[in-house]
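Participant: All I have is the shape, not the residue letters:
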């Protein structure tokens, strides 16, 4: 990292670049100027990258059909481009899915540096009393390095079996009871259960969750604040997923690794750990896709070189050491392979120069305009219906349904619709939807309400909500849970005193398939 004088000098460049707003994106899309804990900002050309090249990459994203939520590009320790697709913003935490695994691996690296364990330790060492009655030779041979490199030898991912462990039985005991068909270290199989076990080892060794353990050793030195990480009933972080942090914090992970574990001149993470964790430890398939170039310790290797932390639906901290570059991405991509190929094909070729380039003021201005105007429009159709005064304020009692949802109501005020959802024994959900525009409020806790209890939306989250009339009898409510990866849509059909509600989960929308939740029906309360 650069010293404070260079930081202040370059911050002024980045602040101008992020300050071009548009009516589509009324929120400041970049950092708060003057925050000393930010990664310093710089114009791309000062770090050997052309603004035109980055602009071509951004345009390719727009044309790809993939739904990015944020992008941050770092070169030589400086942010040279960043953007958030409104209603997402720099201040919102991002759901990481399996990108979380690289944080779990980092916790293991820190614990090794403290002498708490080694990668050669047998896994059974950490779980006395939780081993099965008969210990197979493969289980006896299972080591920490096999958990790290996804080479446990189990025939399938264990995570769902762990989540459904018998009542009163620890997840670790469930994991250790599962068959290990192949010798540990002999075969690669992506196994989120292995990452959970790494998290459990941290807790066994320290009495803290991995999240707590990382606090003073990792989060505080990098000034990562506001992070959350879901625990199971045992108080153990999921390890494989469920961490949430801001996009800039995702970039900080990559920056720490590309700097060989140093931050502001201090060795936070062992240089040896960085080298071994990001080297190929296992073959992961054939070189015919982005997952076939090998696996390290909770990192994937990239086709063009380097490595990445990688999460479902396109959450990344990509590191290219030879180019001294980090790329952080959050998204809800329907095709992760396409998302990554955009980086390999459109951005990576722009990183081959290492000299300061001549200024490109026109292209730089165009790039800032493009980054400052990134957005997703809500559905925009009719702003009113003759049905509105007949519906407004009335309670619709719902027929028996699998969600235990009792009633809904709609109140139309000016250019808003206040939607209320009533479920038995739970607080009401009240969401204000903007008519043909987003209204952002929070915090919604989808996991507390069975209507939204899809496995992938299980966090509290700020919500961006809109509504629109598609015809005189059909109201569409659109929700983006902007601190998760996903969203939801409710299409409400009104027929005299009857209502029918149809669902469309955001991933189903992008994959052009039907939602797996049945419609629910009801009628006006008499």
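Facilitator: Yes, it's here. Please read these numbers as outputs of a predicted model, since none were measured by experiment.
Participant: what residues does the lengthiest strand in the chain touch?
Facilitator: Ordering each strand of the chain by length in residues (DSSP state E) puts strand 461-471 first. Outside strand 461-471, the residues that touch it by CB atoms under 8 Å, 6 or more residues apart in numbering are 87, 92, 378-385, 417, 419, 431-446, 475-484, 491. (C-beta placed from N, C-alpha, C; glycine too.)
Participant: Swap in 6 Å and give it another go.
Facilitator: When contacts are defined by CB atoms under 6 Å, 6 or more residues apart in numbering, strand 461-471 is touched by residues 87, 378-382, 385, 417, 431, 433-436, 438-440, 442, 444, 475-484.
Participant: From the residues you listed, which land in strands?
Facilitator: When the contacts of strand 461-471 are checked against strands using DSSP E, the ones located there are 417, 431, 433-435, 439-440, 442, 444, 475-481.
Participant: Just the buried subset of those, please.
Facilitator: Buried members of those, scored by 16 or more other CB atoms under 10 Å, are 417, 431, 433-435, 439-440, 444, 475-481.
Participant: So which one of the residues you listed is the model least confident about?
Facilitator: Per-residue confidence across these is lowest for residue 444, with 68 (pLDDT).
Participant: Would you map the helices across the stretch 1-150 of the chain?
Facilitator: Listed in chain order, the helices found in the stretch 1-150 of the chain under DSSP state H, counting those that start in this stretch are 4-18, 51-64, 100-113, 137-141, 144-148.
Participant: Of those, which shows the lowest average pLDDT?
Facilitator: helix 4-18 (a mean of 33).
Participant: and which of the ones in strands among the contacts of strand 461-471 is nearest residue 350?
Facilitator: When those are compared for distance to residue 350, the smallest value, 30.7 Å, is given by residue 480; criterion: CB to CB.
Participant: how close does that closest one sit to residue 440?
Facilitator: 9 Å (CB to CB, to the nearest Å).
Participant: Residue 462: how many residues sit nearby?
Facilitator: Other residues within reach of residue 462, judged by other CB atoms under 10 Å, total 20.
Participant: try the one 3 residues further on
Facilitator: Residue 465 has 26 neighbouring residues, counting by other CB under 10 Å.
Participant: Not counting sequence-adjacent ones, nearest residue to it?
Facilitator: residue 433 (4.2 Å; CB to CB, 6 or more residues apart in numbering).
Participant: do the same with residue 222
Facilitator: For residue 222, ignoring the flanking residues on the chain, the nearest one in space by CB to CB, 6+ apart is residue 252 at 4.8 Å.
Participant: ok, the one you found to residue 332 distance?
Facilitator: Computed with CB to CB, the distance linking residue 252 and residue 332 is 22 Å.
Participant: So for these two, which sits in the more crowded spot?
Facilitator: residue 252 (27 against 22).
Participant: any idea which element that one lies in?
Facilitator: Per DSSP states H and E, residue 252 falls inside helix 247-258.
Participant: Give the rounded mean pLDDT of the following helix or strand past that helix.
Facilitator: If you walk from helix 247-258 toward the C-terminus, the next helix or strand you reach (DSSP H and E) is strand 262-263. Here the mean pLDDT over strand 262-263 is 96, rounded to a whole number.
Participant: Centre of the chain to strand 262-263, how far?
Facilitator: Using CA atoms, centre = their mean, to the nearest Å, the distance from the centre of strand 262-263 to the centre of the chain it belongs to is 24 Å.
Participant: what's in contact with that strand?
Facilitator: 221, 222, 256.
Participant: can you check stretch 109-122 too?
Facilitator: Residues from elsewhere that reach stretch 109-122, judged by CB under 6 Å, 6+ apart: 143, 144, 145, 205, 217, 269, 270, 273.
Participant: mind redoing it with 10 Å?
Facilitator: The contact list for stretch 109-122 (CB atoms under 10 Å, 6 or more residues apart in numbering) reads 108, 125-126, 139-149, 184, 198, 201-202, 204-206, 210, 213-214, 217-218, 261, 267-270, 272-274, 276-277, 281, 297-298.
Participant: how long is it end to end?
Facilitator: Distance between the two ends of stretch 109-122: 16 Å, counting by CA to CA, to the nearest Å.
Participant: Pull out the buried residues from stretch 136-147.
Facilitator: By neighbour count, and taking 16+ other CB under 10 Å as the criterion, the buried residues in stretch 136-147 are 138, 139, 141, 142, 143, 144, 145, 146, 147.
Participant: So the residue nearest to residue 465 sits against residue 416, correct?
Facilitator: Yes - with contact defined as CB atoms under 10 Å, residue 433 reaches residue 416; the gap is 6.6 Å.
Participant: Return the closest of the contacts of strand 262-263 with respect to residue 368.
Facilitator: Ranked by distance to residue 368 (CB to CB), the contacts of strand 262-263 are led by residue 222 at 26.7 Å.
Participant: So that closest one sits against residue 254, correct?
Facilitator: No - counting by CB under 10 Å, no contact exists between residue 222 and residue 254, whose distance comes to 11.2 Å.
Participant: Tell me how far the residue lying farthest from the centre of the chain lies from residue 121.
Facilitator: Summary for the chain: using CA atoms, centre = their mean, the residue whose C-alpha lies farthest from the chain's mean C-alpha position is residue 526, with a distance of 44.8 Å. Counting by CB to CB, the gap from residue 526 to residue 121 is 68 Å.
Participant: which residues does residue 234 contact?
Facilitator: Shown in contact with residue 234 (CB under 10 Å, 6+ apart): 165, 170, 171, 172, 200, 203, 209.
Participant: Tell me the confidence at the nearest residue to the first one once chain neighbours are set aside?
Facilitator: Which is residue 165. Nearest in space to residue 165, with sequence neighbours left out and distances taken as CB to CB, 6+ apart, is residue 174 at 4.2 Å. At residue 174, the predicted lDDT confidence score is 97.
Participant: Neighbour count for residue 222 and residue 254, which is higher?
Facilitator: More neighbours sit around residue 254 than around the other of residue 222 and residue 254, counting by other CB under 10 Å; the figures are 25 against 19.
Participant: Now that one. Nearest residue, chain neighbours left out?
Facilitator: Closest residue to residue 254 apart from its sequence neighbours, by CB to CB, 6+ apart: residue 326 at 3.6 Å.
Participant: what's the answer for residue 83, then?
Facilitator: Closest residue to residue 83 in three dimensions, ignoring its sequence neighbours and counting by CB to CB, 6+ apart: residue 371, at 3.7 Å.
Participant: The one you found against residue 84, yeah?
Facilitator: Yes - the pair residue 371 / residue 84 is scored as a contact, 8.7 Å apart, by CB under 10 Å.
Participant: okay, these two: which has more neighbours?
Facilitator: A side-by-side neighbour count of residue 371 and residue 84, using other CB under 10 Å, places residue 84 first with 29 against 22.
Participant: Report the beta-bridge partner residues of the more buried one.
Facilitator: Taking DSSP bridges, one obtains residue 70 as the residues bridged to residue 84.
Participant: and of the contacts of strand 262-263, the nearest to residue 99?
Facilitator: When the contacts of strand 262-263 are compared for distance to residue 99, the smallest value, 14.3 Å, is given by residue 256; criterion: CB to CB.
Participant: for the closest one, what are its contacts?
Facilitator: Contacts for residue 256 (CB under 10 Å, 6+ apart) come out as 1, 106, 218, 221-222, 262-263, 268-269, 274, 317, 319, 326.
Participant: Flag every buried residue along stretch 177-194.
Facilitator: Judged by neighbour count using 16+ other CB under 10 Å, the buried positions of stretch 177-194 are 177-178, 180, 184-185, 187-194.
Participant: Show me the two of the residues you listed that sit farthest apart.
Facilitator: The most widely separated members of the buried residues of stretch 177-194 are 177 and 188, with 22.4 Å between them, by CB to CB.
Participant: Next, count neighbours for residue 122.
Facilitator: Close neighbours of residue 122, defined as other CB under 10 Å, add up to 14.
Participant: Enumerate the beta-bridge partners assigned to it.
Facilitator: Per DSSP bridges, the residues bridged to residue 122 are residue 143.
Participant: quick one: pLDDT of it?
Facilitator: We have a pLDDT of 98 for residue 122.
Participant: Thanks a lot, catch you later.
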